[in-house]
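S.K.: Using only what follows, build the 3D model:
(one chain, ligands or ions: 2)
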Amino acid sequence: MSIDEKAALPTLVVLISGNGSNLQAIIEAIRAGRIAARVAAVISNRVDAYGLQRAADAGIPTETLDHTAFASREAFDQALQERVDSFHPDLVVLAGFMRIFTPGFVQHFAGRMLNIHPSLLPLYKGIHTHRRVLEDGGNEHGVSVHFVTPELDGGPVIMQAKVPVLPSDTEERLAQRVHVQEHVIYPRVVKWFVEGRLKLENGQALLDGKILHQPVLHLGS
Ligand SMILES: Nc1nc2c(c(=O)[nH]1)N[C@@H](CN(C=O)c1ccc(C(=O)N[C@@H](CCC(=O)O)C(=O)O)cc1)CN2
Ligand SMILES: NCC(=O)N[C@@H]1O[C@H](COP(=O)([O-])[O-])[C@@H](O)[C@H]1O
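M.R.: Ligands and ions are numbered 1, 2, ... in the order given. Next up is the predicted model:
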């Protein structure tokens, strides 16, 4: 692909805070030709995020914006918004980004910001979802991909995948089982968006012009 052809592709900016396995899944889906897009930058709020190394290994520009260096959540969000805007993204992909955004940031990227959340929303919004499911003795868990709205983890859910909770599960084993499903469904939803099939309209997710009254449920391994 020529430089001009690559530059004409839909542009993603990926925000991370940690390991970056979902970032890696998207990088590999692009490399395999399953997603016709380019990752213009990976931005982390944590300097020790291994996802930064994954991006660098893939030749993707990286930036770090330490939220603790800002006097307020609003100030951090404004600085992050300016950095993200500098890459002119068609889509902002949250891939384990662990900061709650202020309404102004969310509104600025309304309809072009996705998040992956490790639960079957609306169950278990927030953090430590695997631990909470285990503490509750749940027998089913999973992952949701949704549009980001001001309400934390409250945006329209696009796709979900379920996993069983086993009696022998630890937080780590359950998280690993969820990760496997994450790495399948997130690239698929990103692909839908960059192909123009997925939109947010009037607070609802539309796929191929039809309102998703229920999330698409991914079945299979
Ligand atoms: N306004 C919104 N902001 C964010 C959303 C959203 O839907 N609306 N999704 C989250 C992602 N997320 C879960 O999927 C999430 C991220 C962070 C937190 C949280 O409690 N963060 C704390 C710090 C926690 C930590 O540093 O470990 C905080 O920001 O004070 C909950 C859920 C991204 N943002
Ligand atoms: N509330 C947001 C949240 O908890 N997101 C979760 O963070 C992990 C990031 O893993 P990764 O860094 O390996 O992609 C993923 O499991 C993702 O669902």
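S.K.: going forward, measure contacts and count neighbours with C-alpha atoms only.
M.R.: OK.
S.K.: So what touches the longest helix along the chain?
M.R.: The residue-count maximum for a helix in the chain (DSSP state H) belongs to helix 171-194. Residues from elsewhere that reach helix 171-194 (Cα atoms under 8 Å, 6 or more residues apart in numbering): 10, 21-22, 25-26, 29, 34-37, 90-91, 116, 118, 130-131, 134, 141-143, 145, 158-163, 165, 198-199, 218, 221.
S.K.: make it 7 Å
M.R.: For helix 171-194, the surrounding residues in contact (Cα atoms under 7 Å, 6 or more residues apart in numbering) are 10, 22, 25-26, 29, 35, 37, 118, 130-131, 142-143, 145, 161, 163, 165, 198-199.
S.K.: now, which of those lie close to ligand 2?
M.R.: Subset of those in contact with ligand 2: 22, 118, counting by Cα under 6 Å from any ligand atom.
S.K.: The contacts of helix 171-194, buried ones only, as a PyMOL selection?
M.R.: Per 16 or more other Cα atoms under 10 Å, the buried members of those correspond to this PyMOL selection:
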select buried, resi 10+22+25+26+29+35+37+118+130+142+143+145+161+163+165+198+199
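S.K.: Does anything pack onto the helix or strand bottoming out on mean pLDDT in the chain? Which helices or strands?
M.R.: The weakest-scoring helix or strand in the chain, judged by mean pLDDT, DSSP states H and E, is helix 3-7 (a mean of 75). Using 3 or more Cα pairs under 7 Å, 6 or more residues apart in numbering; DSSP states H and E, no helix or strand is in contact with helix 3-7.
S.K.: immediately after it, which helix or strand?
M.R.: Once the chain leaves helix 3-7, the next helix or strand it forms, by DSSP states H and E, is strand 11-16.
S.K.: Sheet-wise, list the partners of that following strand with their directions.
M.R.: Strand pairing for strand 11-16, determined by DSSP bridges: strand 38-44 (parallel), strand 91-94 (parallel).
S.K.: Figure out which of those is closest to Pro150.
M.R.: Nearest to Pro150 among those is strand 91-94 (14.1 Å), distances taken as Cα to Cα.
S.K.: Could you identify the helix or strand that succeeds the closest one?
M.R.: Next in sequence after strand 91-94, counting helices and strands by DSSP H and E, comes helix 103-108.
S.K.: Fine by me, thanks again.
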